[in-house]
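**Q** Sequence first, predicted coordinates after that:
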Amino acid sequence: MANDKLYRTEAIVIRRRNMGEADKILTVYTPNKGKLNLVAKGVRRTTSRMGGHLELFMQCNLMVAKGRSLDLITQSETVSAFPNLRNNLGLIAYTWQGVELLDRLTEEDLENYPVFTLLSEFLGALEVGHDPIIISRAYELHLLGYLGYRPQLIRCVRCNEEIQPVINFFSPEMGGVLCPACGKIERRSIEVSIDAMKILRYLQKTTFATGPRLLLKPELRNELEHIMRSYTRYLLERDLKSAEFVHNVTS
Ligand SMILES: [Zn+2]
């Protein structure tokens, strides 16, 4: 096999599904090729030497052979297995949520190096036991920024006035914060407390790896979750609508 048919890449496994009797298709996120779907032959056999390196959420080094439709993993070795994370159901849930958001918002074969680094740091932070709720919010804010959906938190997205330290609003549709006057007009906006606003801004501007070490009250954690959930739900629904639209137009 000629060398241009083979490539080496680091990868994080973000989704796995069965194919045939013993194979799997793995969706992985890579530093230089973004998201890829790759075939792992025979990994469901107990004798497979590769199987243990290709579990969900593992970071690994892969050797890949180009195929006619899907590329094929020929060798793999583990870089980080994240054992604490993968043995804790609560952490698996947070990981899954973060990974699914990335999966739903990204296209295949589109390089985005900062997203790979962020994903690796997200898993690492959960692995060493940082607060998964804060880590998840910081991850979401950075991920949305890298993918072109950075929430505007400094000026009102409707009238462009600078946001003051009072109760403001967040508009999922407009992708940012609204001043009190505009928030009252936009019916589907959500109230944002002064503290929630401060934390969102702090998480958005701090480096992901060093920033998220805060102690927050449960109400504030819930409020932050509600704001980010409303925004990501809006983005994903719009994604689905556009997919349906494209399907209707092209079929
Ligand atoms: Zn305004």
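**A** Nice, I can see it.

**Q** contacting residues around Thr232?
**A** The contact partners of Thr232, taken as C-beta atoms under 8 Å, 6 or more residues apart in numbering, are Leu101, Glu140, Leu144. For the C-beta atoms, the positions are set from N, CA and C on the backbone; glycine is no exception.

**Q** where's the residue lying closest to the second one once chain neighbours are set aside, which helix or strand?
**A** The spatial neighbour of Glu140 that comes closest, neighbours along the chain excluded (C-beta to C-beta, 6 or more residues apart in numbering), is Met228 at 5.2 Å. Secondary structure assignment for Met228, by DSSP states H and E: helix 218-250.

**Q** Three-state assignment for the closest residue to Ile135 other than its chain neighbours, please.
**A** In space, and not counting its chain neighbours, Ile135 is closest to Ala125: 4.8 Å by C-beta to C-beta, 6+ apart. Following DSSP: H, G, I helix; E, B strand; the rest coil, the label given to Ala125 is helix.

**Q** Report pLDDT for Phe245.
**A** At Phe245, the pLDDT value in this model is 38.

**Q** swap that for Val249, please
**A** In the predicted model, Val249 carries a pLDDT score of 43.

**Q** which ones are touching the most centrally placed residue in the chain?
**A** The chain has Leu102 as the residue nearest its centroid, 3.2 Å off, counting by C-alpha atoms, centre = their mean. Contact analysis of Leu102 by C-beta under 8 Å, 6+ apart lists Ile14, Tyr29, Val115, Leu119, Leu143.

**Q** what are the ranges of the strands in this structure?
**A** Assigned by DSSP state E, the chain shows strands spanning 6-19, 23-30, 34-40, 59-65, 71-80, 168-171, 176-178, 190-192.

**Q** Next, the single nearest residue of the stretch 1-150 of the chain relative to the ion: phi, psi?
**A** Among the residues of the stretch 1-150 of the chain, Arg150 lies nearest to the ion; the distance is 18.5 Å by C-beta to the ion. As for Arg150, its main-chain torsions (degrees, to the nearest 10) stand at phi -60, psi 120.

**Q** Can you report how many residues lie near the closest residue to it other than its chain neighbours?
**A** Distances taken as C-beta to C-beta, 6+ apart place Leu144 nearest to Arg150, at 6.0 Å, with adjacent residues excluded. Leu144 sits with 20 neighbouring residues when counted by other C-beta atoms under 10 Å.
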